[in-house]
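1. Model the following, please.
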Amino acid sequence: MVKASDVRAILTAVLMIGLVAVAGLRGTIPAATATHYREITVDTNTATGAFNRALFSVTGYAQLKVSAQPIAQDTYAMLHPAGTQQRIETMIDQTSPEPGTFYPDRMFRFVDNTDDAYFREVTGKGMEPVLLLAYNTPWLTRTGALNEPPTDPQAWADIASKVIEHYNGDGSDPNYKLRVKYVEIWNEPNLDQFWSGTDEQYFELFRVVARTIHARFPGVMVGGPVYSPGAPGYYEYGQRFVDAVGEEMDFFVYHSYGDSVAKIRSDIELWRDYIASHTSHHHPKLMVTESEQFITDDAAKLQYMLDRQFALLDYADTLLGWHQFCLYEYREGWYTFGLIHGDGSVFPGNYWPYWLFRDASGRTLRVTASSPSGGAGPEHYVATRSEDGRKINLVYWRPQSASGDQVTRFSFVLPRDGVRRVFTASLLLGDTQGVVDAEAVEGTARRFNYTLRLPPGAAVSLTLDDAARASAPWLGLTSTAGEVPLHGTFEVTATLLNSTPDPISGEIGLRGLPPNWTVMAVSGNPRFANLETGDSTSVTWSVKADTVTDGPLAFYAQVALGDGRSTHSIPVRVQVLRPVRIVPVPDYTYFAPGETRQFTLRLTNALSTPIDGTVALEGPASWSPSAPQALSLDAHQTREYAFTLTAPVDAALGTATAYARVTLGGDTYTRPISLVVKQYDPNRPSTIVDLSPYYNGDGFSYDSNPGDGDLDYSGFLLPADTFPGNQRVRYMGVLFQTPDVADGARNEVAVDGQTVSVPAGSYKALAMLVNATNGDRSGTVKLTYAGGEREAVPLQVSDWCAGAHYGEEAVIWFDHRHSPSGDAQPPCGIYYTEVPVDPGRTLQAVSFPSEPNLHLFALSGVGP
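-> Alright, predicted model coming up:
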């Protein structure tokens, strides 16, 4: 146990010593060649303006809510999101799928909003909703594609008005309330995949919607053009938008990706000045609803984020909000966005800077700084006091470009309000992230001083909060390894700091580790008693990873206090390395009761030594797989093993899971295979149509070469690794010839008016494996019969990443897609669909529409 008095003695002693180790979480602070001195004084009685907490907004709470584990909500709550904004994707097609319909429970993407539960949850957490109104609805399109301009802009505006009215009421009603204040019109309309019309059509839609909303809903602010920096000429696009509809616009919205802090500053100033000089908005407002800089080094990213956030504070009067993309982990190519993983662990470079500002809110305070001795270099700081006056906070950062260590005395002139407070010091430095000190401050105190020695790159948050609200101690957790081999050992250390005003007793333990892993305390005592404010205690465990898991494993420390309360650390991750890579082909498929299907298990030895064991396919209970096989792989060798699996004739309809299982010695490794059980004839009469002369595109790529091809004309592709390429495979009982998905092979028909010859015969239907890109697609298929007779039949196909909603079956599905730089989200797939054929006539050919965003992978005649 470390006493608070010992900690403060160490913190004072840093004035005279070169290397300091401070109580677990504090880590080590190395000496520098020069020491500078500085005094920062915060006058808590003099406010200078409002603090713009909306500059710390993060998109994607809906995804976190529905996809993450519950503990991830706790990790988010530690950011204190009250006062930030939350962008809510409001889908017009879900809100009004048919004329005259309005479904408020369906309006938000990802989440169920029954009884306005999601909206109330967002506002209940103190977040300001920003409604993104997008995209089109089928009944206002010509072809059903949701990226089309509305055929009737006023009808689209009326739907948008109903959304606002649902929450605010009618503007003429005495009970009108401004629950929704901000709306965006469409998302990234300068990209073809989101807007297929002209720029002028978008400007006209914006004009109609803005005028409609302004006429009916006082105080609601309408923003656009929500442009993407990923399209050429985006500056010119924004300028033409301002020139066309700048008077109707209440705030200018755009997205910022890959920008330096200097460019962020220049863009803000560019748009502020351009709008002021080209419209009557002399003090224009801006909002950025997606932003990210692609830095993978956590230390460098943390410094960038601090630099950016302090820069944004310089424009707090111009910016209505700044949204980081995104809260919940999301992978696009080589880069993974996010602040929080689904298991509650964090992206350090993104999360911790926002966490440092968690207590900044209310009114900004006057700060005075003495002249630094010796030219210490740049520094940034902001001080705030909550609206109720009880919480005082100072965030201070010395950029990496500063010179030498700086001894800084922070002096708070306290309010004469008699409030007893708890002081906490939070530190970001190297591997140290967390609360490092605490102290009770009596209500009679008039000044509080705190001294730290800070090297370049260090950032601190110093908070004095009402003792009555300081109910939970700080618990941090660190691990010596992010990756371990199977049966490898690593150590984890939990450090508890009492940041409450009263002594605490209890016990610290680890949660989330597999029960068969070996865990042993090697230092410290998990039990503690009468830990005073500012005192800390640490426990270190040795952990042996005795099994592997699918993906990284998150675990956390938890403290159970003697009074029944408990709190936990932010989870940390460890990855147990597998000696063998298992790729089931396919890893998702349909089954009919009684059907037998074939699987290939592709195994790769990840070790530099041979491995021997067994490989098996295991089905759900009462399913019948073929027998296990002996496995033998040389170093880094890849081999394929063939299996069959038969569903029982009484198999329950719905979803099920099979497993590819490899056993090496006493260790077992598995990969799940998703099964969908549907009722259909598993052996329908089928005639394969040879598409090889018609293939004109490459829509697949392997993990080893993810950029091979381009399905959607933006570089995204289907994953080939788990697709049964160049095989005869039945889907929904129809036999198809799947295309070759080898690198460089053409394997899809981007339909553009082709006429495909069909083996002459009598058929009930033509079955297809198809998908659409850049939105849903539709057209007319023309059937040619013997004698030259022709028949036109409609074809509608869902977007490859949106799920089937035209009656298709998603018989081939992947949990990701590919971009040139690697795996990307969202999940996507290929659909089974049919068009009817007259069985009384002889079909000879089929002609497809001119729609290159409709992709055909396989074709077969069904029947008679």
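2. Now whichever strand in the chain runs longest: buried residues?
-> Across the chain, the longest stretch assigned as strand under DSSP state E is strand 35-50. Within strand 35-50, the residues that count as buried by 16 or more other CB atoms under 10 Å are 35-36, 38-44, 47. Just so you know, the C-beta spots here come from the backbone N, C-alpha and C atoms, and that holds for glycine as well.
3. send the alpha carbons of it over as CSV?
-> Provided in CSV are the C-alpha atoms of strand 35-50 (Å, rounded to 0.1, in the frame of the first residue of the first chain):
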residue,chain,number,x,y,z
THR,A,35,14.5,22.1,-16.0
HIS,A,36,12.0,25.0,-16.4
TYR,A,37,9.7,26.5,-13.8
ARG,A,38,6.2,27.7,-14.3
GLU,A,39,3.2,28.7,-12.2
ILE,A,40,-0.4,28.3,-13.5
THR,A,41,-3.1,30.1,-11.5
VAL,A,42,-6.8,29.4,-12.0
ASP,A,43,-9.3,31.9,-10.7
THR,A,44,-12.4,29.9,-10.1
ASN,A,45,-14.5,33.0,-9.4
THR,A,46,-14.0,34.6,-12.8
ALA,A,47,-15.8,33.0,-15.8
THR,A,48,-14.8,34.2,-19.3
GLY,A,49,-17.3,32.3,-21.5
ALA,A,50,-19.1,29.0,-22.2
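4. name the helices or strands packed onto it?
-> strand 363-369, strand 380-385, strand 392-397, strand 405-413 (3 or more CB pairs under 8 Å, 6 or more residues apart in numbering; DSSP states H and E).
5. Return the closest of the buried residues of strand 35-50 with respect to residue 94.
-> Among the buried residues of strand 35-50, residue 47 lies closest to residue 94 (CB to CB), at 43.9 Å.
6. quick one, what contacts that closest one?
-> Contact analysis of residue 47 by CB atoms under 8 Å, 6 or more residues apart in numbering lists 363-366, 385.
7. among these, which ones are buried?
-> With neighbours counted by 16+ other CB under 10 Å, the contacts of residue 47 contain buried members at 363-365, 385.
8. All the strands of the stretch 101-250 of the chain, in order from the start?
-> 128-134, 182-185, 221-227 (DSSP state E, counting those that start in this stretch).
9. Serialize these to a markdown table and add fields for mean neighbour count and distance to residue 119.
-> Listed next are these as a markdown table, based on neighbours: other CB atoms under 10 Å; distance: least, CB to CB, whole Å:
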| stretch | mean neighbour count | distance to residue 119 |
| --- | --- | --- |
| strand 128-134 | 23 | 7 |
| strand 182-185 | 25 | 14 |
| strand 221-227 | 25 | 18 |
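10. Looking at those, which is nearest to residue 560?
-> Set against residue 560 and scored by CB to CB, the strands of the stretch 101-250 of the chain come closest in strand 128-134, at 36.3 Å.
11. Could you export the closest one as PDB, CA atoms only?
-> What follows is strand 128-134, C-alpha atoms only, in PDB (Å, rounded to 0.1, in the frame of the first residue of the first chain):
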ATOM      1  CA  GLU A 128     -27.700  16.800 -28.100                       C
ATOM      2  CA  PRO A 129     -29.200  14.800 -31.000                       C
ATOM      3  CA  VAL A 130     -28.100  15.800 -34.500                       C
ATOM      4  CA  LEU A 131     -30.400  14.100 -37.000                       C
ATOM      5  CA  LEU A 132     -28.800  13.000 -40.300                       C
ATOM      6  CA  LEU A 133     -31.800  12.800 -42.700                       C
ATOM      7  CA  ALA A 134     -30.900  10.300 -45.400                       C
END
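12. just to revisit the earlier point, would CSV of the strands of the stretch 101-250 of the chain with distance to residue 457 and mean pLDDT be doable?
-> Output for those, formatted as CSV (distance: least, CB to CB, whole Å; pLDDT from 0 to 100):
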stretch, distance to residue 457, mean pLDDT
strand 128-134, 33, 98
strand 182-185, 36, 99
strand 221-227, 34, 99
